[in-house]
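> Whatever this is, show me its structure:
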Amino acid sequence: MRPASLHAVVERAREDGDWDHHLQNFLDAFYAHDGDTAAQVAMIAEEPGFLGEARPDAFLGGVGEHLARRWQLPFIPAWVRHERRYLETAMFVPDERNLRNYLLCVSPVSFRPRLIFTGPDPLQRARFPYHRGVVRMPLTFPRGPAAAALFEPEV
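As a prediction, this is how the structure comes out:
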């Protein structure tokens with residue numbers, strides 16, 4: 001059975017240490033409730049507690065805030081602002097040196113202040129409600145008249 005809250009993710013991870021696995025299962029459950037705002041709010045509202053590791057604790061704070069923002073829930077839970085939900089050293093997901101500049105630019109606002117740098121829509125899963133659209137960054141430089149207008153000097 002999938003965790004029904006971020007609190008359940010932390011409880012299960014305390015037992016076996018596999019927070020990422022439980023988080024992925026939680027995201028599937030969260031996306032299964034797409035359109036049910038009350039259910040989604042309940043899934044992130046309760047303070048999940050801490051695992052005692054800086055990276056997962058900060059990442060879970062980013063997840064709570066990102067889900068509230070991304071799915072336009074009525075509030076962002078206060079627990080996401082706890083000082084232990086922020087890192088002092090940057091974390092890149094994925095941790096590939098050649099992607100770092102890209103990740104610095106496209107990381108969502110929920111992760112960036114935590115010094116967590118990810119892709120533009122980092123919580124996508126197979127069960128992600130793609131009908132709502134995804135955040136993408138252009139991988140090519142704009143071309144054509146609209147792009148040229150950006151660089152023409154004003155007279």
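> any idea how far Pro3 lies from Pro94?
24 Å (Cβ to Cβ, to the nearest Å). Placement of C-beta: from N, CA and C, glycine included.
> Of the two, which one has the most company?
Neighbour tally, Pro3 and Pro94, criterion other Cβ atoms under 10 Å: the higher count belongs to Pro3, 23 against 10.
> Just give the nearest non-adjacent residue to Asn25, would you?
Distances taken as Cβ to Cβ, 6 or more residues apart in numbering place Arg2 nearest to Asn25, at 4.4 Å, with adjacent residues excluded.
> Next, the contact list for the one you found, please.
Asn25, Phe26, Asp28, Ala29 (Cβ atoms under 8 Å, 6 or more residues apart in numbering).
> neighbour-wise, which of these leads?
If you rank the contacts of Arg2 by neighbour count (other Cβ under 10 Å), Phe26 sits at the top with 28 neighbours.
> List the residues that contact that one.
Arg2, Pro3, Ala4, Ser5, Leu6, Ala8, Val9, Met43.
> I'd like these laid out as CSV, including pLDDT.
Formatted as CSV, these follow (pLDDT from 0 to 100):
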residue, pLDDT
Arg2, 94
Pro3, 96
Ala4, 96
Ser5, 97
Leu6, 98
Ala8, 98
Val9, 98
Met43, 98
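> which among those gets closest to Cys105?
Nearest to Cys105, judged by Cβ to Cβ, of the contacts of Phe26 is Leu6 at 27.4 Å.
> contacting residues around that closest one?
Leu6 neighbours (Cβ under 8 Å, 6+ apart): Phe26, Met43, Ile44, Glu46, Pro48, Leu60, Val63, Gly64.
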